[in-house]
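**Student:** Next come a sequence and a model predicted from it.
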Amino acid sequence: MGSPRVKGNTQLLLEEAMRGASEQGAQITFFELNSMKIRGCQDCGGCAKSGVCVKKDDMEQIYPVIRQCSRFILASPIFFVGVSAQAKAMIDRCQCFWYEKYILKRPIAQGPYGRAGLFLSVGGMGGIEGKNCSEATARAFFRTISVPEHQTLGYLGVDAKGDILKQPQALKEAYEAGRKLLDMPGGKKEQGGRL
């Protein structure tokens, strides 16, 4: 979760998606990025030869989860037509996976259940550009961590804390997206998978 606002619109949507996934048997690992110490990528090149980030901070908790899990939810408010700084710092620190996948030719294995994602975003503005820009960032993130497909749910005109509660359809859609996240292409479902 990339929102700095506890129990804000982003978290309320995310909780619905996690509830849906949990009811399907997912074991969930939750990261509240705002409370973590994650320094932005320093473009130091330390990961270029190994695919491993040389900087030591709370990203060390996230890296193994990205490798082990098969389903991912990225949730962020839209700030200045993009994902939050908290979400972007985490995404930028995945540069090591970019080197590993595209330069070293060692993408993360798909595993028996494949890999899929869900991107949730909420923005106060009414224009579509924030939705499009944040989606482009989410797409780059998911593809870099070897998630070949993801669903996006974005809601605009939602600003004040708790405003998403006035949109029960949005909460329902997030819940259903969480439930469907464990479904595999072709109808297979991961039983008891980690998210």
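**Tutor:** Here it is on my side, so go on.

**Student:** Make sure Q110 is indeed in a strand.
**Tutor:** No. Secondary structure of Q110 (DSSP: H, G, I helix; E, B strand; the rest coil): coil, not part of a strand.

**Student:** How about it, nearest residue that isn't a chain neighbour?
**Tutor:** Leaving aside its chain neighbours, Q110 sits nearest to S146 (7.0 Å; criterion: CB to CB, 6 or more residues apart in numbering). Every residue, glycine included, has its C-beta placed from N, CA and C.

**Student:** likewise R179?
**Tutor:** Closest to R179 by CB to CB, 6+ apart is G20, at 3.8 Å.

**Student:** for that neighbour, what are its contacts?
**Tutor:** Neighbouring residues of G20 by CB atoms under 8 Å, 6 or more residues apart in numbering: 174-181.

**Student:** Just the buried residues of the lowest-mean-pLDDT helix or strand in the chain, please?
**Tutor:** Here the helix or strand of the chain ranked lowest by mean pLDDT, DSSP states H and E is helix 129-144, holding a mean of 89. Within helix 129-144, the residues that count as buried by 16 or more other CB atoms under 10 Å are 130-131, 134-135, 137-138, 141-144.

**Student:** Now tabulate these in JSON lines and tack on distance to V54.
**Tutor:** Shown next, in JSON lines, are the buried residues of helix 129-144 (distance: CB to CB, whole Å):
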{"residue": "G130", "distance to V54": "33"}
{"residue": "K131", "distance to V54": "35"}
{"residue": "S134", "distance to V54": "29"}
{"residue": "E135", "distance to V54": "30"}
{"residue": "T137", "distance to V54": "24"}
{"residue": "A138", "distance to V54": "26"}
{"residue": "F141", "distance to V54": "20"}
{"residue": "F142", "distance to V54": "24"}
{"residue": "R143", "distance to V54": "23"}
{"residue": "T144", "distance to V54": "18"}
